[in-house]
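In: here is my input, please return the structure:
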Amino acid sequence: MTVQDVRSFNRFYTNVIGALDYGRHLYAPYTLTESRVLYELAHSPRTDAADLRTELSLDAGYLSRILNKFEQDGLIERTPSERDPRRRRIALTARGRETAALLDERSRESVGALLATVPADDRPRLAEAMHTVRTLLSHGRPPRREDVVLREPGPGDLGWIVQRNAALYAAEYGWNTDYEGLVARIVADFAEDHDPHLERGWIAELDGRPVGCVMCVRDDAPGTARLRLLLVEPDARGLRIGDRLVEAVIDFARDGGYRDLVLWTNDVLSAARRIYQRHGFVLVAEKPHRSFGADLLGQDWRLDLHPSQE
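Out: Numbers count the residues shown, from 1 in each chain. The predicted structure is shown next:
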């Protein structure tokens, strides 16, 4: 292989995906780089300019111009960062989320149309070739936090949530199929009847595969949201995926006007409990119970989304 081979492939592929005229390709007023920044903002619940610059390897001035354009278009808002007052947190507005969702939908349709031209028997070979390219050019480095993206569930993801919850909790804690039934009911209720403005699910994706999930749903108590089904695959732990998923729920619930965020868990889930504590959840009740074929200590946790400033 020569440098010319790589350059030739790059020219071929950028032409295939319409990278040189991305805005017209998706019928949108944004370039490929601008669309990528919008994508990152939609999939990272808490982001500032320094994070984006590092993750996308963009020039600071270029990124600043993009963000200024987004702000003028009403797609983002900037507020002081909770982590560092010298930084500015960047978040999508409602219009920004709608724009990002529209671009994502059009991108999926574009890729779907491209894949439709590939015979079904050839698609596994194409997937393997793409995996090979990605593996060889990553120099065998381990996954990084910035390689993980959060997105809303797509076709098949809700079934994955049920299957992986059942399999993981059976393998790690010996829980029986009663737990799978509980998860299936939660997911079915969400799929059949949920208000996308007040309830949402997230999938954490790494290298094109789901490695984590969480849901935010309405609780029976007025003004209260409930965090449910937090899960991270064992081989993806250590990348702060659990923290990012919980942050996504907290930000969504706060922006949705909820006063409180609650959750129910069991004391054996120590890693999850540590995540909840890091984000300000307080243990409010404990009760022993026999469920899922095991003797457990159930716990109720609560987070005040709008604490007093006194």
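In: which strands and helices sit next to the helix ranked longest in the chain?
Out: Ranked by residue count under DSSP state H, the longest helix found in the chain is helix 94-116. If contacts are counted by 3 or more CB pairs under 8 Å, 6 or more residues apart in numbering; DSSP states H and E, helix 94-116 sits against helix 32-43. For glycine as for every other residue, the C-beta is placed from the backbone atoms N, C-alpha and C.
In: now the angle from the helix it packs on to helix 94-116?
Out: Put simply, helix 32-43 runs at 110 degrees to helix 94-116, going by axes from the mean of the first three to the mean of the last three CA atoms, to 10 degrees.
In: list the buried residues in helix 32-43.
Out: 32, 34-43 (16 or more other CB atoms under 10 Å).
In: could I get these as a markdown table with distance to residue 145 and pLDDT?
Out: Shown next, in a markdown table, are these (distance: CB to CB, whole Å; pLDDT from 0 to 100):
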| residue | distance to residue 145 | pLDDT |
| --- | --- | --- |
| 32 | 23 | 85 |
| 34 | 23 | 88 |
| 35 | 22 | 88 |
| 36 | 18 | 87 |
| 37 | 18 | 88 |
| 38 | 20 | 88 |
| 39 | 17 | 84 |
| 40 | 13 | 82 |
| 41 | 16 | 84 |
| 42 | 17 | 82 |
| 43 | 13 | 73 |
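In: all strands for the stretch 51-200 of the chain, in order.
Out: 76-80, 88-92, 148-151, 200-206 (DSSP state E, counting those that start in this stretch).
In: what's the closest of those strands to residue 189?
Out: strand 200-206 (11.7 Å; CB to CB).
In: quick one: the helices in the stretch 51-200 of the chain, in order.
Out: Shown for the stretch 51-200 of the chain, the helices assigned by DSSP state H, counting those that start in this stretch span residues 60-72, 94-116, 123-137, 157-173, 177-192.
In: relative to residue 242, which of the strands of the stretch 51-200 of the chain is closest?
Out: Using CB to CB, the strands of the stretch 51-200 of the chain put strand 200-206 closest to residue 242, at 8.8 Å.
In: where does pLDDT dip in the stretch 51-200 of the chain?
Out: For the stretch 51-200 of the chain, applying pLDDT under 70 flags the ranges 81-85, 139-140.
In: what sits up against stretch 238-250?
Out: The contact list for stretch 238-250 (CB atoms under 8 Å, 6 or more residues apart in numbering) reads 44-46, 143-145, 147-148, 150, 202, 204, 206, 211-216, 225, 227, 230, 232, 261, 271-272, 275-276, 278-279, 303, 305.
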